[in-house]
Every structure is written in C-alpha cells, then in structure tokens.
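K.L.:
Let's see this in three dimensions:
(2 chains)
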Amino acid sequence: MSHLVFLVPLFPLLGFLINGLGRNQLSKASIGAIGTGAILLSFLVSVRLFMEVLNGGGGVDTLFYLFKTTDISVPFAFQVDALSALFLLIITGIGTLIHLYSTAYMHDESAPHFARYFAYLNLFVFSMLLLVLGSGFVIMFIGWEGVGLCSYLLIGYWFKNNDYNYAARKAFVMNRIGDLGFLLAIFWIISKLGTTEYTQVFAGVNNLSASDITAITLLLFVGAMGKSAQIPLYTWLPDAMAGPTPVSALIHAATMVTAGIYMIARTNLLYTMAPFTQCVVAITGLATALFAATIALRQNDIKKVLAYSTVSQLGYMFLGLGVGAYTGAVFHVMTHAFFKALLFLGAGSVIHAMHHEQDIRKMGGLNKRLPHTHLTFLLGCLAIAGIPPLSGFFSKDEILAAAFQASPIYYILGLLGALMTAFYMFRLYTLTFLGEARFHEDEHHPVHESPWQMTVPLWILGILSVVGGWIGFPEWILPNAHRLEALLAPIFARSTALAKEHAHLTHSQEWMMTGGATLAIVLAIVLAIRSSLRAKVNSEPATGLAGILENKWYVDEIYDNAIVKPLQSFADLLKNVIEKSGIDGLVNGVGKLVHYGSRQFRLVQSGQVGNYLLIMVLSMVVFFLIWFNDTALMKLLHNIF
Amino acid sequence: MPINYYIFFCLTLFSIGIVGVLTRRNAIIIFMCIELMLNAVNLLLVAFSKMHHAAAVAAVPESTVGSDGQIFVFFIMVVAAAEVSVGLAIIVMMYRNIHSVDINFLNRLKN
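P.N.:
Presented below is the predicted three-dimensional model:
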C-alpha cells in the first residue's frame, strides 16, 4: 500500500490556500497555473494509485485519530480500493480539464476574483476527494459538507446579482435537508455498532436487525437525495446554473452530484440487505428520470436543459442502484461524467462566443462559426442519447437490462425516459447549431471559436465520450470484456452473493431489445431535428401542456405555497401575535406596573412634617416589636409591668 | 429604690416627648421635646448602670464599679449640646426664610 494517498487531497488544499491567501498579489497567469497544476498533480498521483489497485494494491491508510475514546474512535484514514480509485480518476481527471478550461472562460474577471474562483474550485475538488477517500462515514461527512459549502460559494460566485445569491441559498438549504438524514444515519450506525469505519460496519452488519438496516439506508438515501438532486430535493440543481458554466460542469460531472451515487455504491451491502429501501431508491430514481426529462423537453435556456438532463441521468443511476446493478450505476457515473462535462463545457463555449447569451431561441446556425464546439457537442449529444458505440449506450444499456430483470415496467418507463433524453438533447443541438442564425452579429465582436484552453478539454472529453464505454462491453456482445465489472467485483462481492438470482436474458433477447431501443432513439432524434428546424421559434410563453413543462410543472411554486408560505405565515403569527402581545406585553406590563405603582406611592410624600414624624415613630415601634419580639424581651416587659 | 420607678419615670418623660413631637407645630417646641426624649434615655442609662452593680457596691462601699454609665452620659450631653447648636441654627435659617417656625409651612418637598 502506497503512502502517497495523502498527496491526492493535499495538492488541491495547497492550491486553495495559495490562491485564497495570495489573491491580491498573484498574477492571473500564476493563479491559473497553480489552480490547474494542483489538480493535475493529484491526477497523476491518482493514476499511480489506480495502477496499484489494478495490481492488487490498496487498503486503508490511517494518518491520525480525529478522536479516540473507549467507546468509539474515529481515525482520519483514507481507503483506496477499486471504487475510490475510479472516482479519484474521474474527479481529478475531469477536474483538471475543467480548471484548464476555466483559465480561458473566466479571463474577464479581475485578478482577486479570478483567484477567489480558483481557490473555491480547488476547495471543491479537495472536499470531494475527502468524501471519496474517507475510510468511514465521518470523513465522508466532512467532505459531504465541504462540497455543500463550495457549491454555495460557487453558485453565488457573482454575488452582486441577488438572484444568484438566492439560488446559492436554495442549494445550501436543500442540501442541508439531505445532510440531516445522512447525519441521523451516522448516529444510528454509531449507536448500534459503535464504529463508523466501513470495514467494521460491513463486518458487523449481521448484528443489525432488518428494521435498523432499513432505517439507516433510508436516512442515507435522504442524504443522497439532497446531494444528488432527486425528487423531492432536486430543485436546487437547475437553479445552480447561476454559477459560472465550468462550475456547473464540475458540479454535474466530477464533484457534488455523484456523491450520493458513491455513498450508496459504497454501502451497497446495507442496501442489498434492505429490499424495501432498494425499491424506494429505484422508484425515486425512475420518477426523477422521467419527471426531469419531461421538464427538459421545453426549456429554452441552454444550461437549464443540461441541468434537467443531469437530474434525469442521476435518476437512471439511482434506478441502477435500486435494482442492484451497482456496477452499472458506477459505470454510468463515469460515462456521464465524460459527456456531461463535455456538454457543459461546450455550452460554456457557446455562451462565451455569444457574449453571455443563454437563450437557445436566440441562437441557431452556430455550426459554421464554432466548428470545434459543434463537433464535440454533437458527440456529447450522441453519447447521452445512447447511440452505440458511444459511451452512454453501454452504461445506460446495462442499467436498463438490469431494470428489465427486476421488472419490465421499470424497463419500459426507463426506455421512455431515454427517448425523451434523445429528443430534448437533439432539440437543444438543433436550435443551437443548425438552421438559420437568429441573432444579430456585432461587427466589432463577431461570434468566434474559443481559445485552445477551451477547445482542448472539449476534444479530450469528446474522445472519452466516444471510447469511455469500451471498458464495459456487455456479455452478449463480447464475452468477458467487461473490465469495469471485473475491477469492481470485490467491492460488490458480498452484495452479489446476497442478491437473488434473476433469470438471465438470452443473448438474442438482448440483441432485439437493444436494437429496438436504438431504432426508437434514432427515430426520436430525427423527429427532434425535423420538428426543431420547422418550429417557429418565438419568445412568447407556451400554453397548455407545453406551458406547464416550460414552467417546470410549477414545482417551485408548489413548494413555495406548501412549505415556504405556511412557514412565513407561521413566522408572521409569532411576530405579530406572540411577540407583540405576549413577550412585549409582559415586558411593557412590568414597566407600566412600576410606573402606575410609583404614581400612587408618590402621594405618601404629602410634605406635612407632622405626618413624616408620625410615620417615623409608628415605624420605629413596629420595627422594634418585630425585631425584638423574643421571649427574653417579652419576659422583661412582663416583669416590669 | 427599685429600678421600676426609674423606668416608669423615663417612660413618662419619653412619652411626653413623643406626644409633643407628634402634636406640636412649633419647631422649637418639637426640638425641646426631642431633647426631653434624649434626656429620658440618658436618665435610664444612668439608672441601669447604677442598679446593675448595686449588689457589688453594697458589698464593697468604696468600689467605683457601675459609674461608667454616668461618665458616658456626660459625653452624650456634650454631643447633644453640639447637636442642639446645629438644630437651633437650622431653625434660625428656617425663620429667616419663611418668617415662621411652624413646620406646616415646610412643605416644599411635597410631590
């Protein structure tokens, strides 16, 4: 086991500190170099670690103890195995490309803000690396909170715009709701098992009752819902588009939203032992996949379409986790990271070229002007639509095949979602790149292709989007060619042993299903291109069902009316009734009582000296009687008189 | 002579003083009544001091024990004399200001 593992999160942390503290001194070029270099270095270390894991290395490396008591001790330890090493590669690899891209995309910012951006970005990657590397739930939770914080900071990066600040706050609050579930799950595990280390938890899993496991997994899933944007906590992710576009790419591809998938894949044993939770996960995932896909059909902001497509694809991953296809879900995380990062960076390139115009109704005909962006974006669209042999096809096919084995209804609904995915992605592609140009080109600022810092990451991701799926050929195409499954097999070994065996599909069935699905997807694509080319594009709000979809099923409004408004009116009640008449009444009442009492008591001061003397004498007599009212005195007086 | 006589006598003097203070309006009379009360108490102090050691004095006639109260009273009288001069000075000032020594005119502190 190599002791290099601590270097992986160390580099981004150093990058964060240098850029954060030196933001007023450093030049933009050095800021970009430090930010990108930090992630690149940790990528190189990650590659080395991954090689070791491939050769059977890996293990737990304890650096120090966070705290140590007789009942529980929490080590600060990193766990390197196939799952975490794979995530390390995704996070740092795509992170490097996004950092490189950002150096060009954010070039208009002043140096201190440029440094702030890269500092946050490095901190983001650092938190995600902690989350993935931690050998127990506590370290994961630290990273979990860290990515929540960084997403808040980066979504609200342009803090002078109040709408962006609200979006950042929304993301934070939504995440906090999920975090509470995760935290409760950790407490539950500690109270039952007295440890938070994965290896010990999984070793002691037989000491847990079935209801304990169900409760723990459900609470963990609440955390995953918040972080990975599932119904009902997904609304923050589309609003997170307020941040700079590379940040969206980072959130959607490498960090943040994959955290929920990682957590469930990591605790797969618990989930396999809780069939009820698995069912909840699968249904939530499927519902999210379909729901978000319908919304994406009618969005007109280039980034919003991609955001809803991410929500939808995350739904697929949860469907995969729910039906026990853990490898498929992790596979989809990987391929999705490639093509979603590509799509977001492509969208960023378009937005950059269009001088911060994001409405696809005001684009069109960009294929000639942005050749590199156009081609890579097309690759991304094909990959996410699931056209063979691009990467998205393999991972999505694996999830859908597993879903079919669990229940044909899952498969049919999943396929419907895939068709919608193909449709809205090519609607987006057509409106953006094909047809007539629907914008007025400024002579002084023509629409131009982006610089190399932006196109190089696009091409790298484009190639990965094409070939990324080839590490996971399904059994029915090439036997024993699913290298990812072989790699991840040790992680999911106990789950695989526990899972009930499904009737395997025959290869001909697989061919037919895949062929039919691919045909349907191609049809959806053709339909999308034709209808989008013909459609009269105007900015008037749509009516009917389209209008509902354009307004995202009014979910934000429903939340507003069902949760925010009642809470606000409750707060108003507290403020106007309880506070005013209760608390204020009490405080003012004391004041009024003293005021009134002293007004009455003042009359005692009559100014008559005789009265004062009388009161004085009487008081002295009373005082004397009370104070010296002891038996000795009484006896003396009795003797005298 | 039993102590009771002294006590009744002092009590009478003290009560006359109190009644005088409570009923009269002339500041000088009130002042005199206060002196009366003071002297009643003084007298009682001398009496108690003397009677407390009556047995010891009877046994040893030349003993000086029990005379401390009488000496103490002299000091009280000296202090009282000083206090009287202050009190009379206040009354003189009062007369100069309101041309009267009636305490019912001293109601400026009212309300």
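
K.L.:
just so I have it, where are all the helices in chain B?
P.N.:
For chain B, the helices defined by DSSP state H occupy B:3-23, B:27-52, B:54-59, B:68-98.

K.L.:
And the stretch 301-450 of chain A, by the same measure?
P.N.:
A:302-322, A:326-353, A:371-385, A:391-406, A:408-433 (DSSP state H, counting those that start in this stretch).

K.L.:
CSV please, covering the ones you listed and showing mean neighbour count.
P.N.:
C-beta coordinates here come from the backbone N, C-alpha and C atoms, glycine included. CSV is the format used below for those (neighbours: other Cβ atoms under 10 Å in any protein chain shown):
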stretch, mean neighbour count
helix A:302-322, 27
helix A:326-353, 28
helix A:371-385, 24
helix A:391-406, 25
helix A:408-433, 22
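
K.L.:
circling back to that earlier point, per-stretch mean pLDDT over the helices of chain B, give me the minimum one.
P.N.:
Here the lowest mean pLDDT among these goes to helix B:54-59, at a mean of 77.

K.L.:
Spatially, which residue comes closest to the residue nearest the centre of chain B, not counting chain neighbours?
P.N.:
For chain B, B:Leu38 is the residue whose C-alpha lies nearest the centre (Cα atoms, centre = their mean; 1.3 Å). Nearest-residue entry for B:Leu38: B:Ala80, 5.8 Å, with adjacent residues in sequence omitted and distances by Cβ to Cβ, 6 or more residues apart in numbering or on different chains.

K.L.:
Tell me how far that neighbour lies from B:Leu36.
P.N.:
Separation of B:Ala80 from B:Leu36 (Cβ to Cβ, to the nearest Å): 12 Å.

K.L.:
Over to A:Leu464?
P.N.:
Counting by Cβ to Cβ, the gap from A:Leu464 to B:Leu36 is 116 Å.

K.L.:
Name the residue in these two with the higher neighbour count.
P.N.:
Legend: neighbour count by other Cβ atoms under 10 Å in any protein chain shown for A:Leu464 and B:Leu36, higher for A:Leu464 (23 against 18).

K.L.:
My guess is that one contacts A:Phe338. True?
P.N.:
Yes. With contact defined as Cβ atoms under 8 Å, A:Leu464 reaches A:Phe338; the gap is 4.3 Å.

K.L.:
Let me know the secondary structure of whichever residue of chain A sits closest to chain B.
P.N.:
Closest approach between chain A and chain B, counting by Cβ to the nearest Cβ: A:Gly607, at 2.8 Å. For A:Gly607, the assignment made with DSSP: H, G, I helix; E, B strand; the rest coil gives coil.

K.L.:
okay, now residue 28: neighbour count?
P.N.:
If you meant another chain, say so; for now it's chain A. 16.

K.L.:
Wait, chain B was what I had in mind.
P.N.:
By the criterion of other Cβ under 10 Å, B:Ile28 has 13 neighbours.

K.L.:
which residues touch it?
P.N.:
Applying Cβ atoms under 8 Å, 6 or more residues apart in numbering or on different chains to B:Ile28 gives the contacts B:91, B:101.

K.L.:
And it, how close does it get to chain A?
P.N.:
14 Å (Cβ to the nearest Cβ, to the nearest Å).

K.L.:
Mind listing the shared neighbours of A:Leu464 and A:Phe338?
P.N.:
A:Ser391.

K.L.:
need the contact list for the closest residue to A:Val330 other than its chain neighbours.
P.N.:
Nearest non-adjacent residue to A:Val330, counting by Cβ to Cβ, 6+ apart: A:Ala265, 5.4 Å away. Going by Cβ under 8 Å, 6+ apart, A:Ala265 touches A:83, A:321, A:326, A:329-330, A:491-492.

K.L.:
and A:Ala265, what element?
P.N.:
Using DSSP states H and E, A:Ala265 maps to helix A:258-266.

K.L.:
confidence score at the residue nearest to A:Ile360 when sequence neighbours are not counted?
P.N.:
Leaving aside its sequence neighbours, A:Ile360 sits nearest to A:Leu431 (Cβ to Cβ, 6+ apart; 4.3 Å). With respect to pLDDT, A:Leu431 has a value of 88.

K.L.:
Just read off the phi/psi values of A:Phe64.
P.N.:
phi -160, psi 180 (degrees, to the nearest 10).

K.L.:
now do the one 3 residues further on
P.N.:
Dihedral angles phi and psi of A:Phe67 (degrees, to the nearest 10) take the values phi -160, psi 160.

K.L.:
before we move on, back to that, now the contacts of A:Ala265 in a markdown table, with pLDDT?
P.N.:
Shown next, in a markdown table, are these (pLDDT from 0 to 100):
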| residue | pLDDT |
| --- | --- |
| A:Leu83 | 90 |
| A:Leu321 | 91 |
| A:Tyr326 | 90 |
| A:Ala329 | 91 |
| A:Val330 | 91 |
| A:Ile491 | 84 |
| A:Phe492 | 85 |
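
K.L.:
Out of those residues, the closest to A:Ala77 would be?
P.N.:
The closest of the contacts of A:Ala265 to A:Ala77 turns out to be A:Leu83 (Cβ to Cβ; 15.6 Å).

K.L.:
Tell me how far the nearest residue to A:Glu550 once chain neighbours are set aside lies from A:Gln230.
P.N.:
Counting by Cβ to Cβ, 6+ apart, A:Glu550 lies nearest to A:Arg298, which is 4.6 Å off, once chain neighbours are set aside. For A:Arg298, the distance to A:Gln230 equals 21 Å [Cβ to Cβ].

K.L.:
who has more neighbours, the two?
P.N.:
Ranked by neighbour count (other Cβ under 10 Å), A:Arg298 and A:Gln230 place A:Gln230 first, with 29 against 19.

K.L.:
Return stretch A:50-58 as PDB; C-alpha atoms alone will do.
P.N.:
This file holds the C-alpha atoms of stretch A:50-58, laid out as PDB (Å, rounded to 0.1, in the frame of the first residue of the first chain):
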ATOM      1  CA  PHE A  50      -5.200   3.300  -9.700                       C
ATOM      2  CA  MET A  51      -2.300   1.300 -11.200                       C
ATOM      3  CA  GLU A  52      -1.500  -0.100  -7.800                       C
ATOM      4  CA  VAL A  53      -5.200  -1.100  -7.300                       C
ATOM      5  CA  LEU A  54      -5.100  -2.800 -10.700                       C
ATOM      6  CA  ASN A  55      -2.200  -4.800  -9.400                       C
ATOM      7  CA  GLY A  56      -4.000  -5.800  -6.300                       C
ATOM      8  CA  GLY A  57      -2.800  -3.000  -4.100                       C
ATOM      9  CA  GLY A  58      -4.900  -0.600  -2.000                       C
END
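
K.L.:
Show residues contacting it.
P.N.:
Residues contacting stretch A:50-58 (Cβ under 8 Å, 6+ apart): A:1-2, A:49, A:79-82, A:85-86, A:88-89, A:487.
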